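A.B. asks: This is a predicted model, with the sequence first.
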Amino acid sequence: MTVLSLARLFLRTALRGMRHSPWVHGVAVLTLGLALFAAGLALGAARWVDALAGSLGGEVEMTVYLAEGQGQAQAEGLLAAVRASHPGVEARAVSPAEALQRLGAQLGDLGAALEGLPDNPLDWSVELRLPRPDRSPEALASLASELRALPSVSGVDYGEQAVARLEGLRRALRWGGLLLLLVVAGVTVVVVSATLQLAIYARREEIEIQKLVGATDGFVKAPFLIEGALQGLAGAGLAGVGLWGAERLGAPRAAELAAFLVGPAGLPPLASPWVLLQLALAGLLLGLAGSFVAVGRFLRV
Amino acid sequence: MIQMFHVEKAYPGDPPTLQDINLRVEKGEFVFLTGPSGAGKSTLLKLVFAAELPTGGQVLVGGHNVGRLRASGIPYLRRNVGVVFQDFKLLPHRTVAENVAFTLEVLGAPRREVEEKVERMLKRVGLLHKAGSFPPRLSGGEQQRVVIARALVNEPTILLADEPTGNLDPALTVDIMDLLRDVNIRGTTVLVVTHDHSLLERYRSRVLRLERGRLVYDGMGPP
């Protein structure tokens, strides 16, 4: 018998087993589908927060204040140095006059009070918009400390707290997602294993006869492993349909929010081909893991 | 074909089921194994197809020492030993043909070969016309024929039958015994467990008698 016909025989046996107890397998597939759907949603939420964080990161500007007495030449020198060490950075020098004008505009009616000042108390500053790879909290902190160390610089401000909070949120979501995945994986393995335990019990006569007529361990076990894998794939399919449906129903509303928060690029799709492939792979692996547990524990051949 | 040397089988906490069994069954022999209930007949049979392992002595089947077989080697031993049970052990949701084909599927035989052999075997046991029937719809004698067909379809060198006529009326008993004799005439070694004395009278063959786990008689015809 060729490998292909043997695989066909195993598949036939597995499908026959699933037809034999459709309710039990149906419940397992449904549970798997729900678990993978939840995992898919968590994955999607994490990607959305990533997109949000990326877009907010884009708004982060770093302002470098020059020390008292430093003039335009020092500001231009600093611009050149930063552009050389960080290609792609957008940088411009802000004169004390421009800074005072901005402050007046920000203060509104109170801005008139500034007109009475004998001298402009503000110094030259440099504003930086960094390219995406340099927007991580670590990169920003490193650049800030590098600039603070310069004798011509009196201070650096880039909204450290906001960036740190956003990074904290991303980290929490990432760990939360991982924890959820672990719980989902555990539940799935238990459900598949319990289903196959019932399947093994239902087919104990068949297994006994197979053993009596000389079936090898692998021959007896293979259909159960295939059953687990099929359950996993079916559950992943169900989760994929659920994510597609959720995207269809929730996408227009999410897109409105996204346009406001993350700009025209919008949010990444919930049910992209890549996500569906990941779901299928996860379903297959979890189904196989569950069947391995069941076969190892309950099928002594 | 089958050899036993000082074989013992004991279960923890119970007196030995088999004690100091020595016997030799040659290729192509037809042997009855008889004795009262609880004498150890079924246990002795189980030792031959490695459903049980001896706790003492040696069991050789086709030259292989059963007690020293690895777990992975047992399926290959069983492919040479057909077994017929009193309670049939047929799969009720599979047709007669599928039940018989089951043995060949396990061996990985190609589908065409399976179909040819199943048809030939069902013809031989007179059940070709019932190939598509399900076991619960067959009579006891027909079901036993299906079991014999399943046991023989891969042409094993040994056929073990544990009370194959235990549930059958006298007419069907003769029918099944004639079939087993026919199998033997074609070269298969046959070992039949029975406590039906009339069979020993009717079919004058070698008889082994067990009592309380010991072999007390080994000769031609009933003791």
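C.D. replies: That came through, no problem.

A.B. asks: what's the burial count for residue A:107?
C.D. replies: Applying other CB atoms under 10 Å in any protein chain shown, we find 12 residues neighbouring residue A:107. Bear in mind the C-beta positions are built from the backbone N, C-alpha and C, glycine included.

A.B. asks: do residue B:36 as well
C.D. replies: 11.

A.B. asks: Could you do the one 10 residues further on as well?
C.D. replies: By the criterion of other CB under 10 Å, residue B:46 has 18 neighbours.

A.B. asks: can you check the one 4 residues further on too?
C.D. replies: The burial count assigned to residue B:50 is 20, neighbours taken as other CB under 10 Å.

A.B. asks: Same question for the one 3 residues further on.
C.D. replies: Each residue near residue B:53 was counted by other CB under 10 Å, and the total is 14.

A.B. asks: Doesn't it lie inside a strand?
C.D. replies: No: Residue B:53 is assigned coil when assessed by DSSP: H, G, I helix; E, B strand; the rest coil, not a strand.

A.B. asks: tell me the pLDDT at it?
C.D. replies: Per-residue pLDDT puts residue B:53 at 92.

A.B. asks: Residue B:69 too?
C.D. replies: Confidence score, pLDDT, at residue B:69: 88.

A.B. asks: ok, now how distant is it from residue B:158?
C.D. replies: Distance, residue B:69 to residue B:158, using CB to CB, to the nearest Å: 15 Å.

A.B. asks: what does residue A:159 give?
C.D. replies: 86 Å.

A.B. asks: And residue A:88, by the same measure?
C.D. replies: 82 Å.

A.B. asks: how many neighbours does residue B:31 have?
C.D. replies: 19.

A.B. asks: same deal with the one 3 residues further on?
C.D. replies: As a burial measure, residue B:34 scores 22 neighbours (other CB under 10 Å).

A.B. asks: Then the one 10 residues further on?
C.D. replies: By the other CB under 10 Å criterion, the neighbourhood of residue B:44 contains 29 residues.

A.B. asks: So which helix or strand of chain B has the lowest pLDDT on average?
C.D. replies: Sorting the helices and strands of chain B by mean pLDDT, DSSP states H and E puts helix B:170-185 at the bottom, at a mean of 86.

A.B. asks: ok, now chain A?
C.D. replies: Per-SSE averages on chain A (mean pLDDT, DSSP H and E): minimum helix A:22-59, a mean of 77.

A.B. asks: Next SSE downstream of it?
C.D. replies: As assigned by DSSP states H and E, the chain's next helix or strand after helix A:22-59 is strand A:61-66.

A.B. asks: which helices and strands does that next one pack with?
C.D. replies: helix A:72-85, strand A:125-129, helix A:137-148, strand A:153-157 (3 or more CB pairs under 8 Å, 6 or more residues apart in numbering or on different chains; DSSP states H and E).

A.B. asks: Shouldn't residue B:15 be within a strand?
C.D. replies: No: the assignment for residue B:15, made by three-state DSSP, is coil rather than a strand.

A.B. asks: And for it, nearest residue in space, chain neighbours not counted?
C.D. replies: residue B:213 (7.7 Å; CB to CB, 6 or more residues apart in numbering or on different chains).

A.B. asks: My read is that the one you found contacts residue B:7, right?
C.D. replies: No: at 10.1 Å, residue B:213 does not count as touching residue B:7 under the criterion of CB atoms under 8 Å.

A.B. asks: Which pLDDT value belongs to the residue of chain A most remote from its centre?
C.D. replies: Residue farthest from the centre of chain A, counting by CA atoms, centre = their mean, is residue A:118 at 54.5 Å. For residue A:118, the pLDDT comes out at 80.

A.B. asks: what about it, which helix or strand?
C.D. replies: Counting by DSSP H and E, residue A:118 is part of no helix or strand.

A.B. asks: go on, residue B:208?
C.D. replies: strand B:206-211.

A.B. asks: Pull out the buried residues from that strand.
C.D. replies: Residues B:206-210 are the ones in strand B:206-211 that count as buried (16 or more other CB atoms under 10 Å in any protein chain shown).

A.B. asks: Repeat that for stretch A:206-215.
C.D. replies: For stretch A:206-215, by 16+ other CB under 10 Å, it's A:206-207, A:209-215.

A.B. asks: try stretch A:273-283
C.D. replies: A:275-276, A:278-280, A:282-283.

A.B. asks: Looking at these, which are in helices?
C.D. replies: A:275-276, A:278-280, A:282-283 (DSSP state H).

A.B. asks: what residue ranges in chain A score low on pLDDT?
C.D. replies: A:1, A:52-60, A:251-252, A:254-267, A:300-301 (pLDDT under 70).

A.B. asks: got the domain boundaries for it?
C.D. replies: A:3-56+A:164-298, A:61-158 (automatic domain parsing).

A.B. asks: Show me the one of the ones you listed that comes nearest residue B:19.
C.D. replies: Closest approach to residue B:19 among the domains of chain A (CB to CB): domain A:3-56+A:164-298, 26.4 Å.

A.B. asks: hmm, the closest one in reach of chain B?
C.D. replies: Yes: if you take CB under 8 Å from any CB of the partner chain as the test, domain A:3-56+A:164-298 does meet chain B, through A:5-6, A:9, A:20, A:205-206, A:208-217, A:219.

A.B. asks: chain center to that domain, what's the gap?
C.D. replies: Centre-to-centre, domain A:3-56+A:164-298 and its host chain are 18 Å apart (CA atoms, centre = their mean, to the nearest Å).

A.B. asks: try stretch B:54-74
C.D. replies: With CA atoms, centre = their mean, you get 17 Å for stretch B:54-74.

A.B. asks: That stretch: end-to-end distance?
C.D. replies: Terminal residues of stretch B:54-74 lie 14 Å apart, using CA to CA, to the nearest Å.

A.B. asks: Is there proximity between that stretch and chain A?
C.D. replies: Yes: contact between stretch B:54-74 and chain A, assessed by CB under 8 Å from any CB, occurs at B:71-72.

A.B. asks: now what about that stretch, what contacts it?
C.D. replies: A:216-217, B:1-10, B:16, B:18, B:20-21, B:47-50, B:53, B:77, B:80-81, B:157-158 (CB atoms under 8 Å, 6 or more residues apart in numbering or on different chains).

A.B. asks: now do stretch A:126-136
C.D. replies: By CB under 8 Å, 6+ apart, stretch A:126-136 touches A:54, A:57-58, A:60-64, A:66, A:75, A:78-79, A:82, A:86-94, A:139-140, A:143, A:167.

A.B. asks: Buried members of those residues into PyMOL, please.
C.D. replies: Listed next is the PyMOL selection for buried residues among the contacts of stretch A:126-136, using 16+ other CB under 10 Å:
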select buried, chain A and resi 57+60+62+64+66+75+78+79+82+86+89+91+93+94+140+143
